[in-house]
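> Please work out how this folds:
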Amino acid sequence: MQNTTDKRVQERRNEHRVETSREKVHPVEEVPPPLHLFALGLQHVLVMYAGAIAVPLIIGGALNLPKDQIAFLISADLFASGIVSIIQSLGIWRFGVRLPVMMGVTFASVPPMLALANNPEMGITAIYGAVIGAGVFVLFLAPYVGRLIRFFPPVVVGTVITITGLTLMPIGINWAGGGQPMITVIEDGISKRVPNPDYGAPEYILLSLLVLLVILAVAKFGRGFLANIAVLVGLSVGFAAAWFAGFVEFHGVADAAWFSPVTPFHFGYPVFDPQAILSLSIVMVVVMVETAGMLLAVGEMVEQPLDEKRMTEGLRVDGIGSIIGGIFNTFPYVSYSQNIGLVGVTGVKSRWVCVMAGAILIVLGLVPKLSTVAASIPVVVLGGAGIVMFGMVCAAGVKILAGVDFTQRGNLFIVGVSIVLGLIPTLAPAFYNQMPAALDPIAHSGIVMAAISAFILNLYFTHFSLEPRRVVQASGCENPSRETKA
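Sure thing, here's the model as predicted:
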């Protein structure tokens, strides 16, 4: 009888330990059930897909590659994007922030790569040499940038995250309008920029509104897992409506292969040109600043603020991602803001969701037929989701700023001046047109301008002072007779 009682007591203790250990698991470490994990991962893939394939299309077109080679660029991009996303979210050795982050090709690298593509002495092998070289440079620089995290208090972090959302909003709005308001056409052999006749069409706006309303309805009335996939439900309903309205085209799906391996150095071994590497390395410094802002944002969203170590490990992935990209015939990588916004929309903080999304991207890269189907989603369907996701990024910044002590006038200057400077590229795109071209990556990035401004102004108002500073003795008592200048 005594032995039975002891066993029951021991079983209860063990159950209590299991329950306690479960309670201690942070949402970032939670692993959803397999079907839920797949659906949540697919949701991340769909919201980033349009941006993920855009750069290969741009660079492939500039290089005048045939259609099958451009398709290979897209497959390579998806494949490498999946690998780099897994490294960032899962973490391998000293690489990876170990938070729910998706990695995709950065648009900031497009201008220098276009210059190399249009240079007959360079070409695609010089692009990949520059991508690999810039990746090595980022690996070297990451620890030094990571040490700056101590100078990013809430007033700086909140400002950078807020301006990130504000500068991304035009992307979501243009998606909702059906693309870019200005398009390039060729008339009589001359390239011209003309207004997009389809931009802002009522049917596009209504379709984006439908997606937006579905997301908001599911977010409010959905329960449990359904609420977590509000964006996926909205995209699915929008895709079905677009198909019914005749906006979906499946060109190329029948011709796409079921399986196609992504081979390293498909276009030949890279050419390492010092000038090309330097130009792309400068851009990667800007990319690192943007990455720092994104990582700070997701850290706040999942309630795991970053320290110097995790920031450095996250920034290293920009470097290793570029090296992987150069090897597998693609381009530099950066954390994607729309996926960070998705974390805020769904409230799903598990990094394993992004690991699953990375695995899905790898499969899409190896199965071109599936990737072609995913590419058939009209950009207007993404519009309603984009408005929600980018708005949530901005709201996350406002939430952080709500805890800042604005009775200190310096904080008002930090936020006010930095937001205005960060909005210049968005509100007045031609403002810096007469500045040296070398400054374009910095001057035309609102996120970078706001981050630099907030960082410098915080140092100015917080760390630099002309007031006398009292020396504290070892006992902890102030010695009023001794003063030094700060």
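
> and residue 186, helix, strand or coil?
Using DSSP: H, G, I helix; E, B strand; the rest coil, the structure places residue 186 in strand.

> ugh, wrong one, residue 404
The three-state label given to residue 404 by three-state DSSP is coil.

> Repeat that for the one 10 residues further on.
Three-state call for residue 414 (three-state DSSP): helix.

> can you pull the pLDDT of the closest residue in space to it that isn't next to it in sequence?
Leaving aside its chain neighbours, residue 414 sits nearest to residue 457 (4.5 Å; criterion: C-beta to C-beta, 6 or more residues apart in numbering). For the C-beta atoms, the positions are set from N, CA and C on the backbone; glycine is no exception. If you check residue 457, the pLDDT there is 94.

> Surely residue 457 is in contact with residue 418?
Yes - using C-beta atoms under 8 Å, residue 457 makes contact with residue 418 at a distance of 6.6 Å.

> So which of the two has more stuff around it?
With neighbours defined as other C-beta atoms under 10 Å, residue 457 and residue 418 compare such that residue 418 has more, 26 against 22.

> Quick check, central residue of this structure?
residue 336 (1.6 Å; C-alpha atoms, centre = their mean).

> Quick check: phi and psi on it?
Residue 336 has phi and psi values of phi -90, psi 130 when expressed as degrees, to the nearest 10.

> Correct me if wrong: it contacts residue 45.
No - using C-beta under 8 Å, residue 336 makes no contact with residue 45, being 10.7 Å away.

> Tell me where the model's unsure across the stretch 251-400 of the chain.
375 (pLDDT under 70).

> Which stretches in it count as helices?
274-301, 308-327, 337-346, 351-366, 368-374, 379-401 (DSSP state H, counting those that start in this stretch).

> Can you tell me which of those helices is most buried?
helix 337-346 (a mean of 26; mean count of other C-beta atoms under 10 Å).

> Just the CA atoms of it, as PDB, please.
The C-alpha trace of helix 337-346 is given here as PDB (Å, rounded to 0.1, in the frame of the first residue of the first chain):
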ATOM      1  CA  SER A 337      10.100  43.100 -43.800                       C
ATOM      2  CA  GLN A 338       6.800  41.700 -45.000                       C
ATOM      3  CA  ASN A 339       7.500  38.500 -43.100                       C
ATOM      4  CA  ILE A 340       8.300  40.400 -39.900                       C
ATOM      5  CA  GLY A 341       5.000  42.200 -40.400                       C
ATOM      6  CA  LEU A 342       3.300  38.800 -40.700                       C
ATOM      7  CA  VAL A 343       4.600  37.800 -37.300                       C
ATOM      8  CA  GLY A 344       2.900  40.900 -35.900                       C
ATOM      9  CA  VAL A 345      -0.400  40.100 -37.700                       C
ATOM     10  CA  THR A 346      -0.700  36.500 -36.800                       C
END
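
> ok and that helix relative to helix 351-366, angle-wise?
Per axes from the mean of the first three to the mean of the last three C-alpha atoms, to 10 degrees, the angle that helix 337-346 makes with helix 351-366 is 140 degrees.

> Now do the phi/psi pair for the nearest residue to residue 201 once chain neighbours are set aside.
Closest residue to residue 201 apart from its sequence neighbours, by C-beta to C-beta, 6+ apart: residue 178 at 5.9 Å. Dihedral angles of residue 178 (phi, psi; degrees, to the nearest 10) stand at phi 100, psi 20.

> My guess is residue 178 contacts residue 196. True?
Yes - the criterion here is C-beta under 8 Å, and residue 178 meets it with residue 196 at 7.4 Å.

> who has more neighbours, those two?
Neighbours were counted for residue 178 and for residue 196 using other C-beta under 10 Å; residue 178 has more, 22 against 16.

> coming back round to it: quick check: which element contains the residue nearest to residue 414?
Using DSSP states H and E, residue 457 sits within helix 446-458.

> Export only the CA atoms of that helix, formatted as CSV.
Output of helix 446-458 as CSV, limited to C-alpha atoms (Å, rounded to 0.1, in the frame of the first residue of the first chain):
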residue,chain,number,x,y,z
GLY,A,446,14.7,55.9,-45.7
ILE,A,447,15.5,53.2,-43.2
VAL,A,448,19.2,53.8,-43.3
MET,A,449,18.8,57.6,-43.1
ALA,A,450,16.5,57.3,-40.1
ALA,A,451,18.8,54.8,-38.4
ILE,A,452,21.9,57.0,-38.8
SER,A,453,20.0,60.1,-37.7
ALA,A,454,18.5,58.4,-34.6
PHE,A,455,21.8,56.9,-33.7
ILE,A,456,23.8,60.1,-33.9
LEU,A,457,21.1,62.3,-32.2
ASN,A,458,20.9,59.8,-29.3
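
> tell me what that helix is packed against?
The helices and strands touching helix 446-458, judged by 3 or more C-beta pairs under 8 Å, 6 or more residues apart in numbering; DSSP states H and E, are helix 154-177, helix 274-301, helix 409-427, helix 440-443.

> quick one, the longest one and helix 379-401 angle?
Read that as helix 274-301. Here helix 274-301 runs at an angle of 70 degrees relative to helix 379-401 (the same axes, to 10 degrees).

> now helix 274-301 against helix 154-177, angle please.
Relative orientation of helix 274-301 and helix 154-177, computed by the same axes, to 10 degrees: 100 degrees.

> Same check on the third one?
Angular relation of helix 409-427 and helix 154-177 on a 0 to 180 degree scale: 20 degrees, by the same axes, to 10 degrees.

> Tell me the buried residues in helix 409-427?
411, 414, 415, 417, 418, 419, 421, 422, 423, 424, 425 (16 or more other C-beta atoms under 10 Å).

> what packs against the helix or strand that contains residue 243?
Assigning secondary structure by DSSP H and E places residue 243 in helix 230-245. The contact analysis (3+ C-beta pairs under 8 Å, 6+ apart) places helix 230-245 against helix 34-62, helix 202-221, helix 337-346, helix 379-401.

> Reformat the ones you listed as a markdown table; add distance to residue 190.
What follows is those, written out as a markdown table (distance: least, C-beta to C-beta, whole Å):
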| stretch | distance to residue 190 |
| --- | --- |
| helix 34-62 | 17 |
| helix 202-221 | 29 |
| helix 337-346 | 35 |
| helix 379-401 | 27 |
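
> Looking at the ones you listed, spot the one closest to residue 452.
When the helices and strands packed on helix 230-245 are compared by C-beta to C-beta, helix 379-401 sits nearest residue 452, at 16.6 Å.

> Just the C-alpha atoms of the closest one, please, in PDB.
Extracted C-alpha coordinates of helix 379-401, given in PDB (Å, rounded to 0.1, in the frame of the first residue of the first chain):
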ATOM      1  CA  VAL A 379       0.300  41.200 -57.200                       C
ATOM      2  CA  VAL A 380      -3.000  42.900 -56.500                       C
ATOM      3  CA  VAL A 381      -3.900  39.900 -54.300                       C
ATOM      4  CA  LEU A 382      -0.900  40.700 -52.200                       C
ATOM      5  CA  GLY A 383      -2.000  44.300 -51.800                       C
ATOM      6  CA  GLY A 384      -4.600  43.800 -49.100                       C
ATOM      7  CA  ALA A 385      -2.100  41.600 -47.100                       C
ATOM      8  CA  GLY A 386       0.700  44.200 -47.700                       C
ATOM      9  CA  ILE A 387      -1.300  47.000 -46.200                       C
ATOM     10  CA  VAL A 388      -1.900  44.900 -43.000                       C
ATOM     11  CA  MET A 389       1.600  43.600 -42.700                       C
ATOM     12  CA  PHE A 390       3.500  46.800 -43.300                       C
ATOM     13  CA  GLY A 391       1.000  48.700 -41.100                       C
ATOM     14  CA  MET A 392       1.800  46.200 -38.300                       C
ATOM     15  CA  VAL A 393       5.500  46.900 -38.600                       C
ATOM     16  CA  CYS A 394       4.800  50.600 -38.100                       C
ATOM     17  CA  ALA A 395       2.400  49.900 -35.200                       C
ATOM     18  CA  ALA A 396       5.200  47.800 -33.500                       C
ATOM     19  CA  GLY A 397       7.400  50.900 -33.600                       C
ATOM     20  CA  VAL A 398       4.700  53.100 -32.200                       C
ATOM     21  CA  LYS A 399       4.200  50.700 -29.400                       C
ATOM     22  CA  ILE A 400       7.900  50.900 -28.400                       C
ATOM     23  CA  LEU A 401       7.800  54.700 -28.700                       C
END
